[in-house]
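In: Pasting the sequence and the predicted coordinates here, then a few questions.
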Amino acid sequence: MVMKMKSVRVIINCIFLAIGSCGGPLMLRLYFHNGGERIWFSSFLQTVGCPLILFPLLFSFLSRRRLEEQEKTSLFLMKPPLFIASVVVGLLMGFDNYLYSYGLAYIPVSTASLIISAQLGFTALFAFFMVKQKFTPFTINAIVLLTVGAVVLAFNSDSDKLANETHKEYVVGFLMTAGAALLYAFILPLVELAYKKSRQRVTYTLVLEFQMVLCFVATCFCLVGMLASGDFKVRNMLLVFFLSSLR
């Protein structure tokens, strides 16, 4: 029964990940393609849905409270070292969201997918040095297949290029997307390293708590950027929010 519940959780998470990974870039590019200019706001929307994590966390807390014999059940499982690590990673994630949004503002989705695919190789490389993750035939096979898929997607990459886009903007967008891929490749092993250094037992609830703090900090980071860039002064903010939230 426990194994069945774990499988259900993995499947649900994979479904949400697939929907976000495939539909997100398309909707974000659609926003910029139709005249959107709010890069910080687009970055903000990538993690603003983090309060939804509170629902499975509440369910987990009630389940633990019912099963545990002790009188007082801990509301949060994260200890201070892991909490600090989640804050640091959240700041990096917020900056990564900005780089990614900036890149998609000037390059086609197909080109961005090709660049982001480089993240797979860098992730494996960072993981090898940071958490001693060994290269296996399965790892190499996954990297090759996913990279080939991104390369196939990159054909006809100018199909959604903006008509008034300059060569300089295209190059800057290319570099920003490459930076986003490299930074995200560093973030993933960094999260694994944080789990190892914390010496806490990694559970589904602990992962959700880490993700909740990470996304909240990333959202606040982008919110500060919105305030600094004057995004709240945009008259059609509600329309922008509607289009971007479809991500």
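Out: That came through, no problem. Numbering: from 1, shown residues only.
In: Tell me where the protein has helices.
Out: In the chain, the helices defined using DSSP state H lie at 2-33, 39-45, 54-67, 80-104, 109-116, 118-130, 137-153, 167-198, 204-229, 237-245.
In: which strands and helices sit next to the first one?
Out: This points to helix 2-33. helix 39-45, helix 80-104, helix 109-116, helix 237-245 (3 or more CB pairs under 8 Å, 6 or more residues apart in numbering; DSSP states H and E). From N, CA and C alone the C-beta is placed, and that goes for glycine too.
In: Can you add mean pLDDT and give the helices of the chain back as TSV?
Out: What follows is the helices of the chain, written out as TSV (pLDDT from 0 to 100):
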stretch	mean pLDDT
helix 2-33	74
helix 39-45	89
helix 54-67	84
helix 80-104	94
helix 109-116	78
helix 118-130	83
helix 137-153	65
helix 167-198	90
helix 204-229	92
helix 237-245	48
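In: Take the ones you listed and lay them out in TSV including distance to Thr73.
Out: Output for those, formatted as TSV (distance: least, CB to CB, whole Å):
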stretch	distance to Thr73
helix 2-33	19
helix 39-45	34
helix 54-67	4
helix 80-104	18
helix 109-116	41
helix 118-130	34
helix 137-153	38
helix 167-198	20
helix 204-229	11
helix 237-245	35
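In: Just put these in JSON lines and tack on mean neighbour count.
Out: Putting the helices of the chain into JSON lines (neighbours: other CB atoms under 10 Å) gives the following:
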{"stretch": "helix 2-33", "mean neighbour count": "13"}
{"stretch": "helix 39-45", "mean neighbour count": "25"}
{"stretch": "helix 54-67", "mean neighbour count": "13"}
{"stretch": "helix 80-104", "mean neighbour count": "20"}
{"stretch": "helix 109-116", "mean neighbour count": "22"}
{"stretch": "helix 118-130", "mean neighbour count": "17"}
{"stretch": "helix 137-153", "mean neighbour count": "13"}
{"stretch": "helix 167-198", "mean neighbour count": "18"}
{"stretch": "helix 204-229", "mean neighbour count": "19"}
{"stretch": "helix 237-245", "mean neighbour count": "15"}
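In: Compare the ones you listed and report which one is nearest to Ser74.
Out: Nearest of these to Ser74, taken as CB to CB: helix 54-67 at 8.1 Å.
In: residues in contact with the closest residue to Cys220 other than its chain neighbours?
Out: Using CB to CB, 6 or more residues apart in numbering and skipping the chain neighbours, the partner closest in space to Cys220 is Gly94 (7.5 Å). Shown in contact with Gly94 (CB atoms under 8 Å, 6 or more residues apart in numbering): 43, 47, 217-222.
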